[in-house]
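# Mind looking at a prediction? Sequence and model below.
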Amino acid sequence: MIDVLFRNLAVLLVFLAIAACAWLCGGLRADSLLPTLPWLLAFLFEGMLFFPQRRPFEDAVSARRRSWRGLRRDPLFYFTLLFLLVLLVPFVNHGLCLACDYPQIMKIASATGLPVEDVAKPPVPFAPFCVNLQEHFTVLLWFLPAFMGMLAAKHSLSRQGKRVLMEMLVWNAAALAVLGFIQQGSGAVAPLWGKVPLKVHFFSVFSYPNMAGAFFVMAFAFAIGVWQHRVAEVAALPKVDKTMSLKEQALNRWLRAHYPLIPATLIFFGVLCTLSRAALMCLFVLAGSAFVYYVLSLLFSRHERARRVRHAAFALGGALFFLLLVSVFAPPDLNKELATIDSFGVLDRVSGKAQYHTRVAAAIFKDYPFFGVGGWGYKHFCLSYLQDDELKQLQTVGGANVHNDHLQFLCEHGAIGAFLLLCIVLALVYPVFRDWYRLYRAARFMKADKAPPRPRAIYCLPAGAFWILIGDLALIIHACGDCPMRSASVLSMFLVSLACAEGYIPREVSEGR
């Protein structure tokens with residue numbers, strides 16, 4: 001038992017850090033993260049460097065050397081360090097907010113005779129800066145577990161460890177969904193049965209429904225990937241087991257293949273209970289895509305026709321039963337939320353046409369193009385960029401965010417910070433797309449009985465990696481019209497899942513053999 005724990009300590013530490021980000025109020029508030037997260041990150045740092053998972057016939061020293069060598073040679077590591085440097089410099093180069101710190105600014109200006117604008121400026125205006133250290137520190141806390149978990153998952157976990165981690169994250173999301181059901185059933189007025197009632201709808205540990213929706217939609221896609229991976233894994237197992245009867249073998253194989261549908265179903269209903277319209281649209285698209293993906297994999301597989309028809313009928317019957325469950329157990333306010341969805345409203349939300357946030361964020365970026373205005377800087381600079389008619393319609397609830405994560409990251413971290421973030425994401429997805437291309441080229445020359453189902457461009461990539469990409473793409477699309485990434489839990493799931501996608505790809509393909 002101790003040996004098993006030692007061999008999988010890195011997996012456990014990565015999971016604990018990412019799960020803690022979710023359970024601690026969704027990873028949004030610094031006061032919730034601070035008492036626990038630094039200790040978990042310290043243990044994760046130690047596990048990443050000294051207890052990486054070992055490959056077969058590899059001792060602990062060789063595993064450490066391999067992990068350190070991979071870390072040193074990985075551009076992802078250096079992009080991460082550079083972005084963290086951009087986040088750390090403002091702690092020694094901070095300015096003052098013209099709106100929030102006006103009394104202090106006027107006091108200094110009257111004492112020194114300097115103009116108000118010069119007093120508010122940071123000591124080094126062309127370097128990264130912020131105007132509120134506490135809020136900027138909150139942003140740093142969002143990125144630290146995401147980056148450490150990402151690097152640990154990529155360099156300290158084996159391929160099997162990455163797959164195990166993804167399944168653990170799926171079950172963790174299912175547990176959070178169950179917590180949300182219990183809270184709703186018990187009449188809780190705040191997450192985790194807090195005593196101060198919230199004025200907005202909440203679900204599970206998330207006080208913001210769109211953030212909860214984005215988290216559970218991502219987890220739903222990952223659950224589909226885990227399920228499809230189990231189906232393929234069980235199909236490749238030998239069918240003869242002399243210790244069990246044929247009926248017992250069939251039941252055992254079916255349970256081993258389809259048990260991930262349990263967390264997938266719980267997470268599905270979790271998304272429904274968030275009542276997030278953007279998440280609901282993403283969910284229905286993902287659920288329909290999962291059904292089509294599974295049915296096509298059956299119809300165009302190399303199995304005999306009777307078996308394909310039987311499995312397709314099972315899939316259709318399961319889908320109908322699932323729709324029956326949705327109609328019976330869907331939350332009562334779901335229809336009201338669905339009725340408010342319209343295509344023009346979605347386009348206005350994504351384009352920012354109906355709000356001032358997009359124009360203001362773009363104007364701030366033009367004035368501070370290189371490093372932006374620091375973490376949470378948008379809400380401090382927003383007022384000075386508003387026009388008279390916009391001041392009359394000032395958004396009081398949710399007005400601290402642009403409601404477009406990509407534009408807000410660009411506004412607060414500048415072109416250099418946004419470029420480094422883009423490089424981090426590209427460094428994670430490049431190996432997956434490279435291996436996808438290799439698998440597609442190899443599939444074209446396979447014999448018909450060994451080739452993946454058609455269309456081969458989709459099915460040549462293992463299902464686990466494919467659905468990780470789909471789930472993360474859904475988050476990126478959601479972030480075009482809201483702010484789900486402004487949370488340690490969502491950011492961590494996003495980056496760690498991309499780092500784990502390689503775990504579903506055969507080693508000989510990834511290493512170019």
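Now that the structure is in, tell me what you want to look at. Numbers count the residues shown, from 1 in each chain.

# Run through the helices of the stretch 51-200 of the chain in chain order.
60-73, 75-88, 102-112, 116-120, 133-156, 159-186 (DSSP state H, counting those that start in this stretch).

# Can you tell me which of those helices is packed in deepest?
Mean neighbour count, computed with mean count of other Cβ atoms under 10 Å, is highest for helix 133-156 among these, reaching a mean of 23. Placement of C-beta: from N, CA and C, glycine included.

# quick one: that one to chain centroid distance?
13 Å (Cα atoms, centre = their mean, to the nearest Å).

# circling back to that earlier point, can you tell me which of the helices of the stretch 51-200 of the chain comes nearest to Pro369?
Comparing these against Pro369 with Cβ to Cβ, the closest turns out to be helix 75-88 (13.8 Å).

# How about Leu5: what's its closest non-neighbour residue?
Leu12 (7.5 Å; Cβ to Cβ, 6 or more residues apart in numbering).

# State the distance from that neighbour to Ala19.
10 Å (Cβ to Cβ, to the nearest Å).

# Flag every buried residue along the longest helix along the chain.
Identified as the longest helix of the chain according to DSSP state H is helix 405-443. Across helix 405-443, burial judged by 16 or more other Cβ atoms under 10 Å covers 405, 407-414, 416-418, 420-421, 423-425, 427-428, 431-432, 435-436, 438-440, 443.

# One more: stretch 488-507?
Buried-residue list, stretch 488-507, by 16+ other Cβ under 10 Å: 488-505.

# Please apply the same query to stretch 184-202.
In stretch 184-202, counting by 16+ other Cβ under 10 Å, buried: 188, 191, 202.

# which residues sit against that stretch?
25-26, 183, 203-209, 212, 273-275, 331, 397 (Cβ atoms under 8 Å, 6 or more residues apart in numbering).

# Report the buried members of the residues you listed.
25-26, 183, 203-209, 212, 273-275, 331.

# How about the contacts made by the closest residue to Leu428 other than its chain neighbours?
Distances taken as Cβ to Cβ, 6+ apart place Leu498 nearest to Leu428, at 3.9 Å, with adjacent residues excluded. By Cβ under 8 Å, 6+ apart, the contact list for Leu498 reads 150, 425, 428-429, 432, 468, 472.

# Please report the distance of Leu498 from Leu475.
Relative to Leu475, and taking Cβ to Cβ, Leu498 is found at 11 Å.

# try Ala221
Distance from Ala221 to Leu475, by Cβ to Cβ: 9 Å.

# Which of these two has more residues huddled nearby?
Between Ala221 and Leu475, counted using other Cβ atoms under 10 Å, Ala221 has the larger neighbour count: 30 against 22.

# my read: that one touches Ile468, true?
Yes: counting by Cβ atoms under 8 Å, Ala221 does reach Ile468; the two are 7.4 Å apart.

# Where does pLDDT dip in the stretch 151-300 of the chain?
239-243 (pLDDT under 70).

# same thing with the stretch 401-513 of the chain?
Those would be 448-449, 508-513, if you go by pLDDT under 70 across the stretch 401-513 of the chain.

# If we use 90, what do you get?
401-404, 440-460, 480-483, 506-513 (pLDDT under 90).

# related to what we said a few turns ago, and the helix or strand where the residue nearest to Leu5 lies, what other elements does it pack with?
If you go by DSSP states H and E, Leu12 is part of helix 9-23. Counting contacts by 3 or more Cβ pairs under 8 Å, 6 or more residues apart in numbering; DSSP states H and E, helix 9-23 packs against helix 37-50, helix 133-156, helix 159-186, helix 488-500.

# thinking again about what came up before, tell me the helix or strand right after the longest helix of the chain.
Immediately after helix 405-443, counting by DSSP H and E, sits helix 456-459.

# ok, and what's touching that following helix?
Contacts of helix 456-459 (Cβ under 8 Å, 6+ apart): 293, 297, 300, 440, 443-444, 452-453, 466.

# ok, then the element right after that helix?
Remark: after helix 456-459, the chain's next helix or strand is helix 463-478, criterion DSSP H and E.

# Next, the angle from that following helix to helix 405-443.
Orientation check (axes from the mean of the first three to the mean of the last three Cα atoms, to 10 degrees): helix 463-478 against helix 405-443 gives 150 degrees.

# Would you indicate which residues of helix 463-478 are buried?
For helix 463-478, the neighbour count (16+ other Cβ under 10 Å) marks 463-472, 474-475, 478 as buried.

# Stretch 254-265 now?
257-258, 260-261, 263-265.

# Could you report the neighbour count for Arg54?
Other residues close to Arg54 by other Cβ under 10 Å number 18.
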